Structure formats: structure tokens, C-alpha cells
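S.K.: A structural model of the following input is requested.
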Amino acid sequence: MALAAQLISPTPANAPPATIVAEGLTKRFGEVAAVDDLSFRVREGTVVGFLAPNGAGKTTTLRMVLGLARPTAGGATALGVPFTALPDPGHTVGANLELSGAHPGRSGRTTCAPSPCSPASPARGSRRC
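M.R.: Below is the predicted model of the structure:
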């Protein structure tokens, strides 16, 4: 089952512009379509999670948005440029591809908070990392 949906909802006229835009994202592995023509927009300050069965293309989609995998078709931008072209992407867009190692006692808020070792943390490079 490929992740294939149009996730673009109507945008109110006074809404801020989208920070992340994916248009027609497609990723094929041979004859298998992991992601098929997926388009969505994410506005600044929005937290997004993909909920779908295993193998539906959630991680592949995020990897394409973050420039870790090359789409077969389509593309994605953050602030109007590919993620890899951002001058300081770790301070601009937060992403977590896998939470399988998350501590079961941590809340969603603490799980999503930057760790002292993340690129966005002011403590990066300190002895705490």
C-alpha cells in the first residue's frame, strides 16, 4: 500500500504561507510505489504526524522532504528551497523519523523537545552532549 493522498486543505485568505510544501512526491523501488503522487502543505508552528500502516511510505516521505532520499517524481521545499539548501536546517525545521526507541515514560512534549545534542539546541557542543 503506497502513501497516496492529497493532504492539501483549503487555505484561508489570511493564513500564513506554508513553510513546507510537497508536490507530487513519488518514490518507486523498482515496480513498487512506496509513495505515489503525494502533495501537502505545512504552515509554520504546525506539528504533523503521519498515521498509516507499516510499509505505507511514511518514513520514505519524510526522507524525501529532508533530502535523505531522492524522489522519483515531484519535490518538496522548506521556506521555498529544498531542505538541503537551507543555511541552517537544524534550526529551521524539526523532524524525527523514528520514535521506536522513545522512552515509554516520556510525554509527547518531552519526546518532541530538542535534546541537548540536537542541531537546534543552544547546549550543542557542551559536555552534556
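
S.K.: show me how the record splits this structure into domains.
M.R.: 18-91, 99-129 (automatic domain parsing).

S.K.: can you tell me which of these is packed in deepest?
M.R.: Among these, domain 18-91 has the highest mean neighbour count (mean count of other C-beta atoms under 10 Å), at a mean of 16. Just so you know, the C-beta spots here come from the backbone N, C-alpha and C atoms, and that holds for glycine as well.

S.K.: what about that domain, how long is it end to end?
M.R.: Using C-alpha to C-alpha, to the nearest Å, one end of domain 18-91 lies 17 Å from the other.

S.K.: quick one: contacts for T60?
M.R.: By C-beta atoms under 8 Å, 6 or more residues apart in numbering, the contact list for T60 reads L3, K27, A34, V35, A69.

S.K.: ok, now with 7 Å
M.R.: Contact analysis of T60 by C-beta atoms under 7 Å, 6 or more residues apart in numbering lists K27, A34, V35, A69.

S.K.: tell me the secondary structure at the first one.
M.R.: Using DSSP: H, G, I helix; E, B strand; the rest coil as the criterion, the local structure at K27 reads strand.

S.K.: bridging residues for it?
M.R.: For K27, the beta-bridge partners are V35 (DSSP bridges).

S.K.: look up how far T19 lies from it.
M.R.: 22 Å (C-beta to C-beta, to the nearest Å).

S.K.: list the contacts of F83.
M.R.: V65, L66, G67, P89, V93.

S.K.: so which of the residues you listed comes closest to E44?
M.R.: Closest to E44 out of the contacts of F83 is V93 (10.0 Å), distances taken as C-beta to C-beta.
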